[in-house]
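J.: Turn this into a model:
(2 chains)
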Amino acid sequence: MDQVNYNRKINFSWLFKMAVRDSRRNRSRLLLFISSIVFGIGALVAIYSFRYNIQNDVDNQAATLIGADLTISGNKAPDGELKTLTDSLGDDRSQERSFASMVLFPKSFGTRLVQVRALQGGFPYYGELETVPLHAGSTFKKGKYALVDKTLMMQFNAKVNDSVKVGNETFVIAGLLNKAPGQTGISSGIAPVVYIPLQYLEQTGLAKLGSRITYSYFYKFNNTRAIPKLIKTLDPKLEKDGFNYDTIATRKENTGRSFEDLSRFLSLVGFIALLLGCVGVASAINIYIREKIRSIAIMRCMGVKASEAFLIYLIQIAGIGLVGSIAGAALGTGIQHLLPMVLKDFLPITISVSISWMAIWQGIVLGLIISVLFALLPLISIRNISPLNTLRLSFDDTTTIKDPLRWLVYSLVLLFIVSFSYLQLEDWTGAVVFTIGIAIAFLILTAIAWLLIRFTRLLIMSSWSYIWRQGFANLYRPNNQTIILTVSIGLSTAFICTLFLIQQLLISQVTLSTGDNQSNMILFDIQTSQKKAIADLTRKQGLKVLSQVPIVTIRLDKVNGKTAADVKKDTTLKINPHVFTYEYRVSYRDSLTASEKITSGEWIGKTIPGKDVPVSAEERFAERAKVKVGDKLIFNVQGVLMNAYVASIRKVNWNKISTNFQIVFPTGVLEDAPQFNVLLTHVPNNTVSAKLQQVVVQQFPNVSIVDLGLVLSVLDELLDKIGYVIKFMSGFSIITGIIVLISSVRISKYQRIQESVLLRTLGASRKQIFAITALEYLFLGTLSALTGIIIAIGASWLLAVYRFDMPYHVNLLPVVAIFFAITLLTVIIGLLNSRGILNKPPLEVLRSNS
Amino acid sequence: MPAETILNIQNLNKTYKSAGRTLTVLDDINFSISTGSTNAIVGPSGSGKTTLLGLCAGLDSASSGIVELNGIGLSNLGEDKRAQVRNQYVGFIFQNFQLLPTLTALENVMVPLELRGEKNIKARSQDLLDKVGLADRGHHYPAQLSGGEQQRVSLARAFSNSPKILFADEPTGNLDAETSEKVVKLIFDLNREAGTTLVLVTHDLELAAKTHRIIKIKGGKLVSDEKTCNE
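T.: Here you go, the predicted structure:
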């Protein structure tokens, strides 16, 4: 008797050879399966390349973002020791005062709220004020000249050498400002900048007491290595006086962080595309392996071990996954050229586009991992395929419910989704919630498909016509596609629809009401002495004064006896240290407004002289300051300390356009404090708006006006651009979803070939087979799309309420459109596949599939 | 001198559980087969003959009883070890040929040798294709061959690993009379030449009569075991 070699070593080169041989006649199908990951990988490689390029660009251009080695800024003029310091730092220094003010273009009589920057010195030391003509950026400081932002110039059709009136002074426009250090296209649209020389600020009459001016000092150092040490000594002094500082290093860090947020969001959208692709891979490989049962059984008969059969197909899938990933990486590298174009308005730096090998490498590895991981579940079932299948269909079940490896694969898939979501979100809770959401959607769809199989079997009646019976019976007969198609079509619909619904909600958030009694114009910086005259002027224009609100600037000194220094020392207090540095603009009144609601405590509208002042705190402020009803606060009202306590906590609807405050005082205490006023009115159209702005600017140059109509149009433009970015990224998910749909339906073709051909052989007409196929896919498409949409509504509701904190509503029309589009697409793709079978003679089809 | 036994079956039972019921497919089967002999298992449809072939060849495991192939007890071996036994000692011919559709005829013949890691595989496989009359069809895929040609490739594959025993399940079941005759002749010629033991399952009594011994199965039981005049 010969000895059997039970320990035959695995011959990997033979396994590779077999994998290649076995894939020969299936490569186009395998490529179709894997094409579902191409767009997901493409999206991620594009985003990763973009991220790496940005990191490099931020590193290289950080100096031009800030324009100096060190900037110090605060909202009051430095005095005492700090003044001496600000006047002596650095080897070269500049200073700037910036504030919001109205400007008037005398040629067109146009007025608009702008950010005035009064500059002195050689700033910027890095980068430049990009102007037309070129030299205007440096020459404007030599006389009574101004640089005006290009959006303003365009709006009022102003030209170089025209004039612009800032406060009481008129300046000649020396140049058009294209870009200043750190400024983005979007920020200049919201708050356009006008530069004037600092020496003329006094003459404008705008730098008076009560004006909200930011004082900035820019320094250039010959020895930049000394800066970190200098910062260490400066920091406590600046903090004590409520000043901030910024260096190239801190700006680099902050800018990098804000880009991280942007790229994290984009990566998550890309990941959704990739997950959709994973669904495609898993369902396609599942069917592929089912079709390979016979081949695997033959190999097993000839002595191929279970592990060897498993490896042959694993190598095949990994190989084709690698091809798909490389294609995805190439696509992504191409797409990254588009991202800076799409995002340029949000970026303060020039983005370079270069091939990022790191991103390509990451994309390929990720593609390989997911194609193998999501193919593993069907692949491990290979181990259970009996050689007995060569003689007859095995009685043994090849499904692997009891297989411990199956549960290991499930765990790996979950672990992968959680870890990868964490890498994108950098938040474990978010990652776990995201994964649970996907798992729930998956379970709901599987359950729906299972119920469908059960109910269809019971529902079909013998009185139905043959076509209807056959079409519906396809849903539960052996080798049906019901679960796989329902899950893949349903998940694709759910992802796409959720993205769409959230996008709609975000956009509708800012579509504000412009009813007659809703204010759409705000006049602020009104001095107490001007209050009555401006109200009269407004009424004279035929406009209603909707409200006039006094505003007092205060700071918080102590919370329950604890100062900023105490909070810094004792971190267990959990009070946000910024509550002490912030300058609060508060108001006083005797009643609540329509946008406020007391959530705890009691509203007290009048103070009792000699006692602590009862104030009302907005709930987010209360959370930051860790105060509840009854807690003691000490405020610094422009030098005077005032004892107060929290009498009530309010919920404020910040979405409503009205004057809302973090802290509201009762009447009878702040009336004599230095203050300014705000007036709200409603203007019916742009002409009235322009007229009111002109008369106010001419008579009261210190008063600023916000035209909400203009702000809304800028916001609209901004949201359009954001919407475009979201749509651009969602496009990847949609394309992937369609590919998954095509490949899911297309692979089902191979399941239906045999019986369609048999039916044709038995005399069924093309029309009849078309009708049977159409019915099957119509039912699958309808149910999957509907379930997907219901899941999307649930998911978007959860996101709206718990993540974005906004009211929820569904715009039904587009949702119905998505439903019909997905259903129709399923039926069309199903029919197109059948057409391929029906146009060929039955024998040819049978032979090519034997 | 008594002939050496290559296959020994003792008290073999095979049952399946179906819809809560136990279904007995094979009931207490006993026989042994000597090396180099030719044997036919015959019986009506559903009598359990294909199940018996599957168990003898180690494609399935018995519910109880002993299956010894070349002195190796298959009953206690796992599927992977049975696969090694098949690769080393067993050849198969199936009613529907069971060629790997994505491999050429030559590659199909090469697979069992490749698995064993043998040398000179291509030339040996090509020789076998010559023997079955398909020297010039080696690069064709199964779908490009006729039924008779496919069965001849299957025959070349079955003999490629020089098996000690060849199991054939209705080898002519899908072929016309003329092709069947050619294939049967080839099976017996190659078998004689290689000194292989042959176990074939068939309905065809004429084919069965060409073997040394006919084992009849009915309702899962062995009803007769007779030597033929070819013995």
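J.: What helices and strands are in contact with the host helix or strand of A:A617?
T.: Per DSSP states H and E: A:A617 is located in strand A:613-618. Counting contacts by 3 or more Cβ pairs under 8 Å, 6 or more residues apart in numbering or on different chains; DSSP states H and E, strand A:613-618 packs against strand A:640-652, strand A:663-665. For glycine as for every other residue, the C-beta is placed from the backbone atoms N, C-alpha and C.
J.: Pull out the buried residues from stretch A:289-296.
T.: A:I289, A:K292, A:I293, A:R294, A:S295, A:I296 (16 or more other Cβ atoms under 10 Å in any protein chain shown).
J.: Endpoints of it, how far apart?
T.: Chord length of stretch A:289-296, first to last residue, is 9 Å (Cα to Cα, to the nearest Å).
J.: do it and chain B meet?
T.: Yes. Using Cβ under 8 Å from any Cβ of the partner chain, stretch A:289-296 comes into contact with chain B via A:R294, A:S295.
J.: Let's test this: mean pLDDT of that stretch, rounded?
T.: Averaging pLDDT along stretch A:289-296 yields 86.
J.: Can you tell me what sits against it?
T.: Residues from elsewhere that reach stretch A:289-296 (Cβ atoms under 8 Å, 6 or more residues apart in numbering or on different chains): A:22, A:309, A:313, A:378-379, A:381-382, A:385, A:389-390, A:398, A:479, A:750, B:98, B:100-102.
J.: Surely A:Q95 and A:Y219 touch.
T.: No. At 9.9 Å, A:Q95 does not count as touching A:Y219 under the criterion of Cβ atoms under 8 Å.
J.: nearest residue to the residue of chain B found nearest chain A other than its sequence neighbours?
T.: Closest residue of chain B to chain A, Cβ to the nearest Cβ: B:N87 (2.3 Å). Closest residue to B:N87 apart from its sequence neighbours, by Cβ to Cβ, 6 or more residues apart in numbering or on different chains: A:G303 at 2.3 Å.
J.: list the contacts for that neighbour?
T.: Counting by Cβ under 8 Å, 6+ apart, A:G303 touches B:A83, B:Q84, B:R86, B:N87, B:Q88, B:P112, B:L115, B:R116.
J.: if I pick the second one, what's in contact with it?
T.: Remark: with contacts taken as Cβ under 8 Å, 6+ apart, B:Q84 is in contact with A:V4, A:N5, A:Y6, A:R8, A:G303, A:K305.
J.: coming back round to it: in helices, which of the buried residues of stretch A:289-296 fall?
T.: Under the assignment DSSP state H, the buried residues of stretch A:289-296 contribute A:I289, A:I293, A:R294, A:S295, A:I296 to helices.
J.: where's the residue nearest the centre of chain B, which helix or strand?
T.: What sits nearest the mean C-alpha location of chain B, by Cα atoms, centre = their mean, is B:F167, with 1.2 Å. Here B:F167 sits within strand B:165-169, counting by DSSP H and E.
J.: Any part of that strand near chain A?
T.: Yes. Counting by Cβ under 8 Å from any Cβ, chain A is contacted by strand B:165-169 at B:D169.
J.: Which residues does that strand contact?
T.: Counting by Cβ under 8 Å, 6+ apart, A:391, B:6-7, B:33, B:50, B:53, B:56-57, B:69-70, B:89-95, B:158-159, B:187, B:191, B:196-202 sit against strand B:165-169.
J.: List the ones among these that fall in helices.
T.: When DSSP H is applied, those are split such that B:T50, B:L53, B:C56, B:Y89, B:A158, B:F159, B:I187, B:N191 fall in helices.
J.: Without its sequence neighbours, what residue ends up closest to the first one?
T.: To tie it back to what came earlier, the one meant is B:T50. A:L391 is the one closest to B:T50 (Cβ to Cβ, 6+ apart), at 5.4 Å.
J.: so what's that neighbour up against?
T.: Applying Cβ under 8 Å, 6+ apart to A:L391 gives the contacts B:T50, B:L53, B:G54, B:L59, B:F94, B:D169.
J.: Could you do A:V353 as well?
T.: A:N53, A:Q336, A:H337, A:P340.
J.: Now do the same for it: helix, strand or coil?
T.: Classification of A:V353 using DSSP: H, G, I helix; E, B strand; the rest coil returns coil.
J.: Kindly report the same for B:L12.
T.: Here B:L12 is recorded as strand under three-state DSSP.
J.: Look at it and report its pLDDT.
T.: 93.
J.: now it: how far from A:N702?
T.: Distance, B:L12 to A:N702, by Cβ to Cβ, to the nearest Å: 107 Å.
J.: Could you do A:T593 as well?
T.: A:T593 sits at a distance of 26 Å from A:N702 (criterion: Cβ to Cβ).
J.: One more: B:A208?
T.: Here B:A208 is placed at a distance of 115 Å from A:N702 (Cβ to Cβ).
J.: What about the residue nearest to B:V111 when sequence neighbours are not counted, how many residues nearby?
T.: With sequence-adjacent residues excluded and distances taken as Cβ to Cβ, 6+ apart, B:V111 is closest to A:M302, at 5.7 Å. By other Cβ atoms under 10 Å in any protein chain shown, 25 other residues sit near A:M302.
J.: Just want the phi and psi numbers for A:K144.
T.: Backbone geometry at A:K144, expressed as degrees, to the nearest 10, gives phi -90, psi 70.
J.: Point me to the residue of chain A nearest chain B.
T.: In chain A, no residue comes nearer to chain B than A:G303, which is 2.3 Å away by Cβ to the nearest Cβ.
J.: Next, that residue: phi, psi?
T.: Dihedral pair for A:G303: phi 110, psi 10, per degrees, to the nearest 10.
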